[in-house]
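A.B. asks: using only what follows, build the 3D model:
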Amino acid sequence: MTEAFPEATTEFIYDEYAFLCDKIDIQEFGKVFLPIFYTVVFALGLSGNLLVVFAIVKEGSIKSITDIYLLNLAVSDLLFVISLPFWAYSVVHGWTLGNFPCKVVSSLYYIGFFGGMFFITVISIDRYLAIVRATYSLKSRTTNHCLLIVFGVWVMAILASVPHFLFTQKLETSCISVYPDELKNIWTVFCNVELNTLGFFIPVCIICYCYFGIIKSLMSCKNQKKTRAIKLILIVVVVFFLFWSPYNVLIFLETLKHYDFFVSCNQVKSLDYAMHLTETVAFSHCCLNPIIYAFAGKKFRKYLYQVCLKYCPFMCFCGPCNCYQVSSSTSYSESIVNSNITVNTNDRDGSVFL
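C.D. replies: Numbers count the residues shown, from 1 in each chain. Reported below is the predicted structural model:
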């Protein structure tokens, strides 16, 4: 989510090196590659996260704290992916919707991004409390506290997006960030540092601390099923790091570019190409969130079969769906909790992981 997102992916003529470096080849590459990629991420992200929202709200009903966090994570990802078709169209045809829609779409993009990062972090903390600090979590993991945290996360996501909203505007045929000339470098660096810090460094530190604390706690458990729980934890951490670290490295290098660390045309063009590729990997993570945080749960898969049987019976072609049953008294998140590392505060031995 680089501050230079609209600039790096829709128009390059405003780049400070444009007068020195011909970027027509990069623009042509972007016009072919980016719309296809944005469309695929939009389709997968929209369908996966809508299914999670549907399962929680309409079918499972919100019964637990994890329900609420997962619901808000899905909503954040939806806000993010909703903006992608607009950027895809803008890459090919330019921005034609006016200044206010430009600000709105940009705001959805950044609020969805920061919200998604923050809720992934909150879910990690919640799991840590439920497993490692089980006694303490009996008092801290309450619905009222959860709602306050959710409200706080959305406020933080909106505040983090304010600079992008203020400076994003329609300029000729582009929707880009336009900073005052005398403060251009300062604001560009500030927004990039904000993305690196709030959007990656702090979340990844908290996630690693929480999940490795959980692994340490599980290692002391005498439970044969703990191996799968540990594998799921490692998947969450490794996937998050692999998908987001290259892109954040590129954001950092883009920041250095403003201090003349990269001055040759080849270096600048290489950065632009690398930004496209790492952006591809990073944006794809929103499609994986439903899989990592929901679909990996065994009981949720059973529940998903029930939904398919009820609303799309023709999709149940791999065997009788009615053999998968989840008690109506079990909330959607509890099925995830039991199989996807989030445990009940009374089941610290790991007996409910799978």
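A.B. asks: okay, Ser83: pLDDT?
C.D. replies: If you check Ser83, the pLDDT there is 91.
A.B. asks: what about it, distance to Ile56?
C.D. replies: Going from Ser83 to Ile56 by CB to CB, to the nearest Å gives 23 Å. Where C-beta positions appear, they are placed from N, C-alpha and C, glycine not excepted.
A.B. asks: helix or strand for Tyr136, which one?
C.D. replies: Using DSSP states H and E, Tyr136 sits within helix 134-140.
A.B. asks: now do the buried residues in the next helix or strand after that helix.
C.D. replies: Under the assignment DSSP H and E, the closest C-terminal helix or strand after helix 134-140 is helix 143-167. Of the residues in helix 143-167, 146, 149-150, 153-154, 157, 160-161, 163-165, 167 count as buried by neighbour count, 16 or more other CB atoms under 10 Å.
A.B. asks: dump those residues into JSON lines; add pLDDT and distance to Tyr179 as well.
C.D. replies: Below are the buried residues of helix 143-167 laid out as JSON lines (pLDDT from 0 to 100; distance: CB to CB, whole Å):
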{"residue": "Cys146", "pLDDT": "90", "distance to Tyr179": "38"}
{"residue": "Ile149", "pLDDT": "94", "distance to Tyr179": "33"}
{"residue": "Val150", "pLDDT": "95", "distance to Tyr179": "32"}
{"residue": "Val153", "pLDDT": "96", "distance to Tyr179": "28"}
{"residue": "Trp154", "pLDDT": "96", "distance to Tyr179": "26"}
{"residue": "Ala157", "pLDDT": "95", "distance to Tyr179": "22"}
{"residue": "Ala160", "pLDDT": "93", "distance to Tyr179": "17"}
{"residue": "Ser161", "pLDDT": "92", "distance to Tyr179": "16"}
{"residue": "Pro163", "pLDDT": "88", "distance to Tyr179": "9"}
{"residue": "His164", "pLDDT": "86", "distance to Tyr179": "11"}
{"residue": "Phe165", "pLDDT": "87", "distance to Tyr179": "13"}
{"residue": "Phe167", "pLDDT": "88", "distance to Tyr179": "6"}
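A.B. asks: from these, pick the one nearest Gly45.
C.D. replies: Nearest to Gly45 out of the buried residues of helix 143-167 is Ala157 (CB to CB; 17.4 Å).
A.B. asks: surely the closest one touches Ile111?
C.D. replies: Yes. Ala157 lies in contact with Ile111 (CB atoms under 8 Å); the separation is 5.1 Å.
A.B. asks: joint contacts of these two?
C.D. replies: Ser76 (CB atoms under 8 Å, 6 or more residues apart in numbering).
A.B. asks: so which elements touch the helix holding Tyr136?
C.D. replies: With contacts taken as 3 or more CB pairs under 8 Å, 6 or more residues apart in numbering; DSSP states H and E, helix 134-140 sits against helix 99-131.
A.B. asks: for the helix it packs on, the averaged confidence score.
C.D. replies: On average, helix 99-131 scores 91.
A.B. asks: what angle separates that helix from helix 143-167?
C.D. replies: 150 degrees (axes from the mean of the first three to the mean of the last three CA atoms, to 10 degrees).
A.B. asks: list the buried ones in helix 99-131?
C.D. replies: Quick answer for helix 99-131 (16+ other CB under 10 Å): 102-124, 126-131.
A.B. asks: residue ranges with poor pLDDT in the stretch 151-300 of the chain?
C.D. replies: The model of the stretch 151-300 of the chain has pLDDT under 70 over residues 222-229, 260, 262-263, 294-300.
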